[in-house]
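**Student:** Any chance you could fold what I've pasted below:
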Amino acid sequence: MESEVDMLDEIKRGLLSGLGAVILTKEKIEEISRKMTDDAKLSKEDAQKLKKELLAAGERDWDRMEKSVSDVIKKGLENLDLCPRSEVQELRARLERLERRLLVSEISVQEESEGV
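**Tutor:** A predicted model of the protein is given here:
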């Protein structure tokens, strides 16, 4: 159980650091494009184009990271060997049927012993 908690904490840290990197990157991109425009190293149009290209690249990286994290989570859950909810429900229903049959049998045995 402790390894499950450790794994989930590690995943959370990875997601949060990735999100922080994306936000930081976007802010940095905007800052750099503003600075280059102000310093007249880039025209406003070129700065906008550069900004869009860099943001698109960041989004692609974010998408790849999301898929990677998703894959890690799926593998982790598979390794935990968890039972699907449908299987648990099926087992509960089966247990209830068996308990009813047992109760009927016990009542029948009791009635026979009492001579009813």
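**Student:** can we go C-alpha only for contacts and neighbour counts from here?
**Tutor:** Fine.
**Student:** And the helices in the chain, which stretches?
**Tutor:** 2-38, 44-80, 85-114 (DSSP state H).
**Student:** quick check: mean pLDDT across stretch 44-54?
**Tutor:** For stretch 44-54, mean pLDDT is 74.
**Student:** List the buried residues in it.
**Tutor:** Within stretch 44-54, the residues that count as buried by 16 or more other Cα atoms under 10 Å are 47-48, 50-51, 54.
**Student:** Quick check: which ranges of the chain have low pLDDT?
**Tutor:** Along the chain, the model assigns pLDDT under 70 to residues 1-26, 29, 32-33, 36, 39-42, 47, 116.
**Student:** Now with 80, please.
**Tutor:** 1-63, 65, 77-78, 81-82, 115-116 (pLDDT under 80).
**Student:** re earlier: from the buried residues of stretch 44-54, pick the one nearest Arg101.
**Tutor:** Of all the buried residues of stretch 44-54, Arg101 sits closest to Leu54, with 67.8 Å by Cα to Cα.
**Student:** quick one: that closest one and Gln48, what's the gap?
**Tutor:** 10 Å (Cα to Cα, to the nearest Å).
**Student:** How about Lys28?
**Tutor:** 14 Å.
**Student:** swap in Arg100?
**Tutor:** 72 Å.
**Student:** Also Gln110?
**Tutor:** Look at Gln110 and Gln48: by Cα to Cα, they are 87 Å apart.
**Student:** okay, now the domains of the chain?
**Tutor:** 2-82, 83-116 (automatic domain parsing).
**Student:** Restricting to C-alpha, output stretch 64-73 in CSV.
**Tutor:** Output of stretch 64-73 as CSV, limited to C-alpha atoms (Å, rounded to 0.1, in the frame of the first residue of the first chain):
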residue,chain,number,x,y,z
ARG,A,64,3.5,14.1,-25.3
MET,A,65,4.1,14.4,-21.6
GLU,A,66,0.4,13.8,-20.9
LYS,A,67,0.4,10.7,-22.9
SER,A,68,3.6,9.5,-21.2
VAL,A,69,2.1,10.1,-17.7
SER,A,70,-1.1,8.4,-18.8
ASP,A,71,0.9,5.3,-19.9
VAL,A,72,2.8,5.2,-16.6
ILE,A,73,-0.4,5.4,-14.6
